[in-house]
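Enquirer: Predicted structure and sequence below. I'll ask about it afterward.
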Amino acid sequence: MKKPIEFKIEKKLPGTLGRAGTITTPHGVIHTPAFIAVGTKASVRALTTDMLLGLGVEAVLANTYHLYMQPGEELIRKMGGLQKMMNWNGPTFTDSGGFQVFSLGAGYGSNVSKVLKDMTAVPLITDAKDEREDAKPKLVQIDYDGAAFKSPLDGSIHFITPERSMEIQHTIGADIIFAFDECTSPAESRSYQREALDRTHRWGKRSLEYHRSKEISERQALFGIVQGGRYEDLRKESAQVIGAMDFDGFGIGGSFDKEDLYTAVKWVNEILPEDKPRHLLGIGEPEDMFEGVENGCDSFDCVAPTRLARHGTLYTKTGKIHISNAQYTGDLGPIDEGCLCYACKNYSRAYLCHLHKSREMVGPMLCSIHNLYFIVNLVKKMRETIIDGTFMDFKKEFLSRYRS
RNA sequence: GUGCCUAUAGUUUAGUGGUAAAACUUCGGUUUGUGGAACCGAUAUCCAGAGUUCGAUUCUCUGUAGGCACC
């Protein structure tokens, strides 16, 4: 059977799980480690695909749940699928909707998202059930077969099973698609993690079987997703179970406590087959990606660079800045000294501060260009330094400045 | 010139005989497989003077400023 993607390791990072390589897809090559831009609704917010190319973005990740809800499968088919409709000719990914089982379910209306800063968060499901008075009504109900989503657009109920997620992802047509899974909060009890993990494994198997039964699996790669919360045994078991299935690659999922993120990734990547690519789902802060790369992750996606940009927070080599802060109102320097992005080469902090305050539309655009350029090129540099053997020096130097 | 109305945060407005509220602005912060160009917090104020009253931002008078109407 013809393989949809080919993964090659070019160079390993000695003494670690890290590696640099390439993923060849039907729509082009991804040089790994790579940062994949998030374009949830078939659009990287505020940016055109020409801008993405100009930044050095190699691949885009869209979302099954969002595209299914709007504009829906029929229109996507009519517009010719993801690549065609968004005019992006490079590689694409779609997330399965599994994250929305969490973000619109247990996590909905809470302050728990991808990475927790401390463990003060309460369990969202196990102990309190739906009795918390401050809880917003959930938009998701989970059962054995799948998850029922209530559309925020019109209140209609949609039942997504692993098979449905595959079907929708086949219609969307990304090069790399993900198995349907359940992301959990790290604050959830062990028994709930156990239960959710079994579900993720069952759903993974069903996703794979359904996908393999279709001819399209020769053109679209399917990645299985590892879960297990913060428990070492569950994480390892998940890596074993999912790693043994015939997926084309793997995603590492979950909502993490900051402390657990790196260890969890290491536990998992020590077990997953070395010859297949591994994507760390939803992670994208610089410190986290250094650890992810060192611990064997090949790609990342994250809303942070674009979301932060829209809200006026910008990455610089010496840490993040808030462009709307008073100190930048008359600052004629670029966002980040020495940065070669379009925004830094042509505009001042003072101008971007003005755009942000006056809510001009090019503000989010220029800020998104900068942040994405910063993150994409940071990961690109990690790749280059793995290849030329200076990764550890680069990491040390970058982080000491970034944290200063 | 006469009459009437108005005066509360930087702005636009609530409100009360026991020293005041909101929105926006301003100033900070948060944001990790995008529900949310979103959210959280902070600063800051009763036009001036006199009177009534235990107590006036509130009631009365005068002044000042603005608006409206009439001459």
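Expert: Great, that's in hand.
Enquirer: Where do the strands of the stretch 301-404 of chain A begin and end?
Expert: With strands called from DSSP state E, counting those that start in this stretch, the stretch 301-404 of chain A shows them at A:313-316, A:319-322.
Enquirer: Next, format those strands as JSON lines and append mean neighbour count and distance to RNA strand B.
Expert: C-beta coordinates here come from the backbone N, C-alpha and C atoms, glycine included. Below are those laid out as JSON lines (neighbours: other CB atoms under 10 Å; distance: least, CB to the nearest atom of the strand, whole Å):
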{"stretch": "strand A:313-316", "mean neighbour count": "22", "distance to RNA strand B": "4"}
{"stretch": "strand A:319-322", "mean neighbour count": "14", "distance to RNA strand B": "4"}
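Enquirer: Would you reformat the ones you listed as a markdown table and include mean pLDDT?
Expert: Output for the strands of the stretch 301-404 of chain A, formatted as a markdown table (pLDDT from 0 to 100):
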| stretch | mean pLDDT |
| --- | --- |
| strand A:313-316 | 97 |
| strand A:319-322 | 96 |
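Enquirer: show me the contacts for residue A:285.
Expert: Remark: with contacts taken as CB atoms under 8 Å, 6 or more residues apart in numbering, residue A:285 is in contact with A:115, A:302, A:304.
Enquirer: Against RNA strand B, how distant is residue A:88?
Expert: To RNA strand B, residue A:88 is 15 Å away according to CB to the nearest atom of the strand, to the nearest Å.
Enquirer: Quick one: residues contacting the nearest residue to that residue once chain neighbours are set aside.
Expert: The shortest distance from residue A:88 to any non-neighbouring residue, by CB to CB, 6 or more residues apart in numbering, is to residue A:49 (4.7 Å). Residues near residue A:49 by CB under 8 Å, 6+ apart: A:86, A:87, A:88, A:89.
Enquirer: Can I have the buried ones of the residues you listed as a ChimeraX selection?
Expert: The ChimeraX selection below is limited to those of these classed as buried (16 or more other CB atoms under 10 Å):
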select /A:86,88
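Enquirer: Count the residues that sit near the closest residue to residue A:114 other than its chain neighbours.
Expert: Excluding its sequence neighbours, the residue lying closest to residue A:114 (CB to CB, 6+ apart) is residue A:282, at 4.9 Å. The tally of other residues near residue A:282 (other CB atoms under 10 Å) stands at 25.
Enquirer: ok, now residue A:333?
Expert: 11.
Enquirer: Just the pLDDT for it.
Expert: With respect to pLDDT, residue A:333 scores 96.
Enquirer: quick one: it and residue A:351 touch, right?
Expert: No. Residue A:333 lies out of contact with residue A:351 (CB atoms under 8 Å); the separation is 11.0 Å.
Enquirer: Please list the residues of the stretch 151-300 of chain A that sit near RNA strand B.
Expert: Proximity of the stretch 151-300 of chain A to RNA strand B, by CB under 7 Å from any atom of the strand, involves residues A:152, A:178, A:181, A:183, A:225, A:227, A:251, A:253-255, A:258, A:281-285, A:288.
Enquirer: give me that answer again for 10 Å
Expert: Counting by CB under 10 Å from any atom of the strand, the residues of the stretch 151-300 of chain A close to RNA strand B are A:152-153, A:165, A:178-184, A:200, A:223-227, A:251-256, A:258, A:261, A:279-289, A:292, A:300.
Enquirer: If any of those residues are buried, give me the ChimeraX selection for them.
Expert: To isolate the buried members of those in ChimeraX, using 16+ other CB under 10 Å:
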select /A:165,178,179,180,181,182,183,184,200,223,224,225,226,227,251,252,253,254,255,256,261,279,280,281,282,283,284,285,286,288,289,292,300
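Enquirer: Now residue A:293: which helix or strand?
Expert: For residue A:293, the host element (DSSP states H and E) is helix A:286-294.
Enquirer: can you list the residues that contact that helix?
Expert: Outside helix A:286-294, the residues that touch it by CB under 8 Å, 6+ apart are A:13, A:16-18, A:33, A:35, A:115, A:261-262, A:265, A:280, A:283, A:297, A:300, A:315, A:375, A:378-379, A:382, A:386, A:391, A:395, A:398-399, A:402.
Enquirer: Now the buried members of these.
Expert: The neighbour-count criterion (16+ other CB under 10 Å) marks A:13, A:16-18, A:33, A:35, A:115, A:261-262, A:265, A:280, A:283, A:297, A:300, A:315, A:375, A:378-379, A:382, A:386, A:391, A:395, A:398, A:402 among these as buried.
Enquirer: and residue A:392, how far is that from residue A:400?
Expert: Remark: distance between residue A:392 and residue A:400 (CB to CB, to the nearest Å) = 13 Å.
Enquirer: what kind of secondary structure is the closest residue to residue A:227 other than its chain neighbours in?
Expert: Among residues not flanking residue A:227 along the chain, residue A:200 sits closest, at 4.7 Å (CB to CB, 6+ apart). Of the three states, residue A:200 takes helix according to DSSP: H, G, I helix; E, B strand; the rest coil.
Enquirer: Beyond the lowest-mean-pLDDT helix or strand in chain A, next helix or strand please.
Expert: Across the helices and strands of chain A, mean confidence by mean pLDDT, DSSP states H and E is lowest for strand A:115-116: a mean of 79. The helix or strand immediately downstream of strand A:115-116 is strand A:140-142, counting by DSSP H and E.
Enquirer: list the helices and strands the helix or strand following that next one packs on?
Expert: Next along the chain after strand A:140-142, taking DSSP H and E as the criterion, comes strand A:147-150. If you count contacts as 3 or more CB pairs under 8 Å, 6 or more residues apart in numbering; DSSP states H and E, strand A:147-150 packs onto strand A:140-142, strand A:157-160.
Enquirer: buried sites along strand A:147-150?
Expert: Neighbour counts over strand A:147-150 (16+ other CB under 10 Å) mark A:147, A:149, A:150 as buried.
Enquirer: Now pLDDT and distance to residue A:170 too, for those, in TSV please.
Expert: TSV is the format used below for the buried residues of strand A:147-150 (pLDDT from 0 to 100; distance: CB to CB, whole Å):
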residue	pLDDT	distance to residue A:170
A:147	92	19
A:149	89	19
A:150	86	24
